[in-house]
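S.K.: Let me see the structure of the following:
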Amino acid sequence: MYLHLGQNVVVPEADVIGIFDLDNATGSHITRKFLSDAEKAGKVTSVSDELPKSFILCSSIDAKRPGAAHDGFAVYLSQLSSQTLLKRSETFWF
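M.R.: This next block holds a predicted model:
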């Protein structure tokens with residue numbers, strides 16, 4: 001299944017590592033540093049021009065190839081709340 005992150009962006013649910021509330025998660029200096037480093041490395045994609053409410057950490061396709069670097073991940077900033085995204089991901093679990 002796929003998870004719709006907003007606008008026209010969808011990711012395979014199997015690639016989703018975590019869905020995080022941006023306000024709560026960025027209270028930690030470690031998370032802020034992670035997001036800053038990911039942005040510098042070009043791994044952050046903003047789904048919308050609106051103010052982001054959550055970020056989604058996904059494994060990237062490169063991480064699944066043998067010999068790929070262990071930092072094969074992508075971060076998506078979404079205008080949707082983490083609760084909305086969680087509900088969307090649970091919709092298909094029976």
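S.K.: Residue 78 is in contact with residue 45, correct?
M.R.: No: proximity of residue 45 to residue 78 does not meet the contact threshold set by C-beta atoms under 8 Å, at 9.7 Å. (Each C-beta comes from the backbone N, C-alpha and C, glycine too.)
S.K.: Compare these two and say which is more crowded by neighbours.
M.R.: Per other C-beta atoms under 10 Å, whichever of residue 45 and residue 78 has more neighbours is residue 78, with 25 against 14.
S.K.: wait, the more buried one sits on residue 53?
M.R.: Yes: counting by C-beta under 8 Å, residue 78 touches residue 53, with 6.8 Å between them.
S.K.: Give me the most central residue, the chain.
M.R.: residue 56 (1.7 Å; C-alpha atoms, centre = their mean).
S.K.: Quick check: nearest residue in space to it, chain neighbours excluded?
M.R.: Spatially, and ignoring its direct neighbours in sequence, residue 56 is nearest to residue 76 (4.5 Å; C-beta to C-beta, 6 or more residues apart in numbering).
S.K.: Would you map the strands across the protein?
M.R.: For the chain, applying DSSP state E gives strands covering 2-6, 9-12, 16-21, 44-46, 54-59, 73-78.
S.K.: would you list these in JSON lines and tack on mean pLDDT and distance to residue 89?
M.R.: Listed next are the strands of the chain as JSON lines, based on pLDDT from 0 to 100; distance: least, C-beta to C-beta, whole Å:
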{"stretch": "strand 2-6", "mean pLDDT": "91", "distance to residue 89": "5"}
{"stretch": "strand 9-12", "mean pLDDT": "91", "distance to residue 89": "10"}
{"stretch": "strand 16-21", "mean pLDDT": "94", "distance to residue 89": "7"}
{"stretch": "strand 44-46", "mean pLDDT": "94", "distance to residue 89": "18"}
{"stretch": "strand 54-59", "mean pLDDT": "94", "distance to residue 89": "10"}
{"stretch": "strand 73-78", "mean pLDDT": "94", "distance to residue 89": "12"}
